[in-house]
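Chemist: structure here, sequence nowhere to be found:
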């Protein structure tokens, strides 16, 4: 059976009873598994991780909108994280036995139904978008809910589905398809924030680094060290080991050592086995040699 | 559902029609999957890889004996690989949701039934054996089929189950439980066999190396290089990366580089993810973060 992951983000991270009611509604959809969910009060935002085949996942996203719309009013919402909608962003991610094209089709199908049923405008993003200016989530979300009415009225910002003006309380949603994303941080044995920032600039795509890396340098106040905090958006094309080795080499330039690295949340097995294959110089190695891949083909 | 792996070795690797008949008989056992099988004509021996729960695996092993006994007569058998029986060795390996103790119980249960039904003497080995002199497969198999009658008559070699003399055509079988075994080779960028032999001696348990490593130095004639050829018998306690790094350091002592390494056959995912965690200096990493482990708990 094909496995698609779906990671909806919605704009409530403080009222835990509301979050629980919303998650409970999604859990009722048969054929979908809730792998994880977590809320960030500072961001005032929650993230759900779902897995299943296309049809039940579409049902789960519709159930999510149904539960969220009466509970979340963006006119009353504040938080550190940028957001455009009550259900803010819904990515579909191909995991096993399914193509990216199938996830793009699922994103469009779900978006059309969300717009029709809830009168929420929807922008497609990443692989589901054919518009270069509207592929990147940051570009779509710029201006946030507060600037949405003006943005939607400006040239080039007619939504892909639904009304050409924001939903009064739920704003707009961004739905699309993308590769699995790995949240990957490297901690440096120094308190020099300038070093972390220089290294982040060296590895991230936007300033000349690797194609599928987003990065920033941050201070970990409580530990007195700094971190290169990254999202790896395509671990097949920009593998984790290459990013690690580059950060390590750049840090050495400043006389700084790598203290440790960490993966936040989930990581596909293949992202780690390819790192093992690199360091162990494995020749003629294939994923078919991983026992678990044989046990459940 | 618990997953146990079973890797029976039987003494036919030349007559492919015989091998096919034997494998076909095992395939008929419901609840068991034949993950792989391969024959080595020089060894005149075949290896089957099965997976399933305890009860169907026991049935599969009984079906294997039933198919093998009329087809293989060790009095007519020759090959490079040491062997004691027509069905030579049957290890049960805990993979998922099952303890080593359960595999030991399965080994004993299967051994008793094999002895009862086919009048084949059975020695327990590895984790299933309580006798220090009869844990190691090499020790049990020493003398081979040709020396078996004399060995069985000597003190300390009464079998664990079945008659105290060899089965006339099928010899004796060795049944037990062990950790997954990884066949792991490291190729060196040199044709100096003495270097491969010295490194093998440095890393293997029997000459002072790591507890769970068997190793020998061999020449790869066709490529003009040498290889440290190893079995890693407990990758949790002697991890693959530590063996690789030690071989690399020892080789450097002779001015020799590691050309590549290779895993022959199957490897548990955890053996590779722990190598990734080592090289990437991953902190706070757990197997629960591997997406696939969540998808199928």
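Modeler: Happy to help now that I have it. This one's a predicted model, so the numbers in the text were calculated from it and none came from an experiment. Numbers count the residues shown, from 1 in each chain, chains lettered A, B, ... in the order given.

Chemist: pLDDT weak spots in chain A?
Modeler: Scanning chain A for pLDDT under 70 picks out A:296-297.

Chemist: buried stuff in the longest helix along it?
Modeler: Ordering each helix of chain A by length in residues (DSSP state H) puts helix A:100-118 first. Buried positions in helix A:100-118, judged by neighbour count with 16 or more other CB atoms under 10 Å in any protein chain shown: A:100, A:102-104, A:106-108, A:110-111, A:113-115, A:118. (Each C-beta comes from the backbone N, C-alpha and C, glycine too.)

Chemist: residues of the stretch 51-200 of chain A that sit close to chain B?
Modeler: A:51, A:95, A:96, A:180, A:187 (CB under 8 Å from any CB of the partner chain).

Chemist: for the residues you listed, give me JSON lines that also has neighbour count.
Modeler: JSON lines is the format used below for those (neighbours: other CB atoms under 10 Å in any protein chain shown):
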{"residue": "A:51", "neighbour count": "24"}
{"residue": "A:95", "neighbour count": "16"}
{"residue": "A:96", "neighbour count": "18"}
{"residue": "A:180", "neighbour count": "21"}
{"residue": "A:187", "neighbour count": "20"}
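
Chemist: of those, just say which sits nearest to chain B.
Modeler: Chain B lies nearest to residue A:51 out of these, by CB to the nearest CB, at 5.7 Å.

Chemist: could you pull out the helices for the stretch 1-150 of chain A?
Modeler: If you assign secondary structure with DSSP state H, counting those that start in this stretch, the helices in the stretch 1-150 of chain A sit at A:16-27, A:54-68, A:100-118, A:137-141, A:148-153.

Chemist: which of those sits closest to residue B:264?
Modeler: helix A:100-118 (33.1 Å; CB to CB).

Chemist: now do that closest one against helix A:54-68, angle only.
Modeler: Comparing the axes of helix A:100-118 and helix A:54-68 via axes from the mean of the first three to the mean of the last three CA atoms, to 10 degrees yields an angle of 40 degrees.

Chemist: pipe the buried residues of helix A:100-118 into JSON lines and attach distance to residue B:129 per row.
Modeler: Compiled in JSON lines, those are given as follows (distance: CB to CB, whole Å):
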{"residue": "A:100", "distance to residue B:129": "52"}
{"residue": "A:102", "distance to residue B:129": "51"}
{"residue": "A:103", "distance to residue B:129": "52"}
{"residue": "A:104", "distance to residue B:129": "57"}
{"residue": "A:106", "distance to residue B:129": "54"}
{"residue": "A:107", "distance to residue B:129": "57"}
{"residue": "A:108", "distance to residue B:129": "61"}
{"residue": "A:110", "distance to residue B:129": "58"}
{"residue": "A:111", "distance to residue B:129": "62"}
{"residue": "A:113", "distance to residue B:129": "62"}
{"residue": "A:114", "distance to residue B:129": "63"}
{"residue": "A:115", "distance to residue B:129": "67"}
{"residue": "A:118", "distance to residue B:129": "66"}
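
Chemist: quick check, nearest of those to residue A:213?
Modeler: residue A:100 (19.6 Å).

Chemist: how far away is the closest one from chain B?
Modeler: Taking CB to the nearest CB, to the nearest Å as the measure, residue A:100 falls 17 Å from chain B.

Chemist: which ones are touching that residue?
Modeler: Going by CB atoms under 8 Å, 6 or more residues apart in numbering or on different chains, residue A:100 touches A:94, A:127, A:177, A:179.

Chemist: out of those, who has the most neighbours?
Modeler: With neighbours defined as other CB atoms under 10 Å in any protein chain shown, the most crowded of those is residue A:177; it has 27 neighbours.

Chemist: and that residue, what are its phi and psi?
Modeler: phi -140, psi 140 (degrees, to the nearest 10).

Chemist: distance check, it against residue A:103.
Modeler: Counting by CB to CB, to the nearest Å, the gap from residue A:177 to residue A:103 is 4 Å.

Chemist: residue A:265 too?
Modeler: Taking CB to CB, one finds residue A:265 at 19 Å from residue A:103.

Chemist: check contacts around whichever residue of the stretch 1-150 of chain A sits closest to chain B.
Modeler: Nearest to chain B, among the residues of the stretch 1-150 of chain A, is residue A:35, at 4.9 Å (CB to the nearest CB). Neighbour list for residue A:35: A:5, A:49, A:50, A:51, A:266, B:294, B:295 [criterion: CB under 8 Å, 6+ apart].

Chemist: please spell out the PyMOL selection for the buried subset of those.
Modeler: The buried residues among those can be selected in PyMOL (16+ other CB under 10 Å) with this line:
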select buried, (chain A and resi 5+49+50+51+266) or (chain B and resi 294+295)
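
Chemist: of all the contacts of residue A:35, which two lie farthest apart?
Modeler: Within the contacts of residue A:35, A:50 and A:266 form the most distant pair, 12.1 Å apart (CB to CB).

Chemist: burial measure for residue A:240, as a count.
Modeler: Using other CB under 10 Å as the criterion, the residues surrounding residue A:240 number 23.

Chemist: could you check how far it is from residue A:7?
Modeler: Counting by CB to CB - residue A:240 and residue A:7 are separated by 19 Å.

Chemist: that's a helix at residue A:216, yeah?
Modeler: No - membership of residue A:216 in a helix is not supported by DSSP: H, G, I helix; E, B strand; the rest coil, which gives strand.

Chemist: what's the neighbour count on it?
Modeler: Residue A:216 has 14 nearby residues by other CB under 10 Å.

Chemist: against residue A:192, how distant is it?
Modeler: 15 Å.

Chemist: ok, now which ones touch the most centrally placed residue in chain A?
Modeler: Central residue of chain A (CA atoms, centre = their mean): residue A:181, 6.0 Å from the mean position. Residues near residue A:181 by CB under 8 Å, 6+ apart: A:93, A:231, A:232, A:233.

Chemist: all set now, cheers.
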